[in-house]
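Asks: When you get a sec, could you give me coordinates for this:
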Amino acid sequence: MRIATWNVNSITARLPRLTQWLESAQPDVLCLQELKVSDDAFPQQELRALGYESVVSAQGRWNGVAVLSRVGIEDPALSLPGAPEWEGVVEARAAAATCGGVRVWSLYVPNGREVGHPHYEYKLEWLAALRDAAEKFASAATPFAVLGDFNIAPTDRDVHDIAEFSGSTHVTAREREALAALEAAGVSDVHPRPLKYDVPFTYWDYRQLCFPKNRGMRIDLVYGNEAFTTAVSDAYVDREARKGKGASDHAPVVVDLEL
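Replies: Residues are numbered from 1 along each chain as shown. Purely as a prediction, here's the structure:
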């Protein structure tokens with residue numbers, strides 16, 4: 001089974017690239033983030049034509065996540081249990097389904113904006129809710145994974161130059177402690193291999209030629225329980241999908257399983 005995650009940064013803008021990638025990479029399950037569409041505008045018909053069912057949690061021009069599957073969908077969920085609200089709203093940041101016997105959550109963790117901002121505290125609260133939710137599935141015999149844009153680089157090596165991020169979100173001790181708490185709940189980081197260079201970055205800013213210069217970050221992550229990680233036969237970042245005009249600023253992370 002092939003499972004992938006990709007922050008497409010607007011499914012409307014990225015639809016031609018998305019359908020092309022689905023046809024070439026042939027994932028059985030794809031977790032999407034940052035859809036930036038309403039439920040009505042989600043391209044169900046185009047994806048169904050390629051053989052994919054969808055579980056969608058959308059929120060108009062902000063956020064939005066989905067799980068696409070060509071191996072069935074069971075027990076769908078459209079929000080993270082216990083998720084905190086932001087400005088009175090439970091945002092569209094989590095969607096889940098059991099696909100071909102694997103339980104997956106597609107996640108778009110809050111950005112945090114800046115240290116000390118209320119959104120930073122919201123991010124930490126959201127991660128605590130994720131930890132609590134993951135703990136209920138992590139010890140199960142069923143393969144289970146949480147995948148998506150975590151907006152956190154797990155280590156200093158996961159950013160091109162840690163000095164540039166001094167005092168910024170994505171690399172703070174409290175964010176990384178939240179990832180450690182998630183791992184303590186019973187899931188492990190599935191570290192992908194890079195197809196080029198020595199660090200598997202997944203995100204490159206559009207500005208300042210960051211992609212050609214490989215000034216990236218590894219913030220799109222896959223955490224799986226033991227039943228999931230022991231089945232992993234390969235994992236890589238499809239850097240090719242970040243190339244060219246009209247690309248997302250993120251690349252897909254692909255995980256192959258032998259189940």
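
Asks: Going by C-alpha atoms from here, please, whenever you check contacts or count neighbours.
Replies: OK.

Asks: can you tell me which helix in the protein is longest?
Replies: With secondary structure taken from DSSP state H, the chain has its longest helix at helix 118-138.

Asks: So for the helix or strand that comes right after that one, mean pLDDT?
Replies: Note on helix 118-138: by DSSP states H and E, the next helix or strand toward the C-terminus is strand 144-149. In this model, strand 144-149 has an average pLDDT of 98.

Asks: Pairing partners for residue 217 in the sheet, please.
Replies: Beta-bridge partners recorded for residue 217 (DSSP bridges): residue 159, residue 203.

Asks: How about the contacts made by it?
Replies: 153, 158, 159, 160, 201, 202, 203, 204 (Cα atoms under 8 Å, 6 or more residues apart in numbering).

Asks: Please enumerate the strands of the stretch 101-250 of the chain.
Replies: 102-108, 144-149, 188-189, 203-204, 216-217, 220-224, 232-237 (DSSP state E, counting those that start in this stretch).

Asks: Could you export those as TSV, including distance to residue 17?
Replies: Output for the strands of the stretch 101-250 of the chain, formatted as TSV (distance: least, Cα to Cα, whole Å):
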stretch	distance to residue 17
strand 102-108	20
strand 144-149	19
strand 188-189	27
strand 203-204	17
strand 216-217	21
strand 220-224	19
strand 232-237	16
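
Asks: Those: which one's closest to residue 34?
Replies: strand 102-108 (7.1 Å; Cα to Cα).

Asks: Hey, what's the angle from the closest one to helix 118-138? Just curious.
Replies: 180 degrees (axes from the mean of the first three to the mean of the last three Cα atoms, to 10 degrees).

Asks: what does strand 102-108 contact?
Replies: Counting by Cα under 8 Å, 6+ apart, 5, 31-34, 63-67, 93-98, 142-151 sit against strand 102-108.

Asks: partners of that strand, with directions?
Replies: Counting by DSSP bridges, strand 102-108 is paired with strand 94-99 (antiparallel), strand 144-149 (parallel).

Asks: From residue 70, how far out is the residue lying farthest from the centre of the chain?
Replies: Ranking residues of the chain by C-alpha distance from their mean position (Cα atoms, centre = their mean) puts residue 163 at the top, at 25.2 Å. Separation of residue 163 from residue 70 (Cα to Cα, to the nearest Å): 43 Å.
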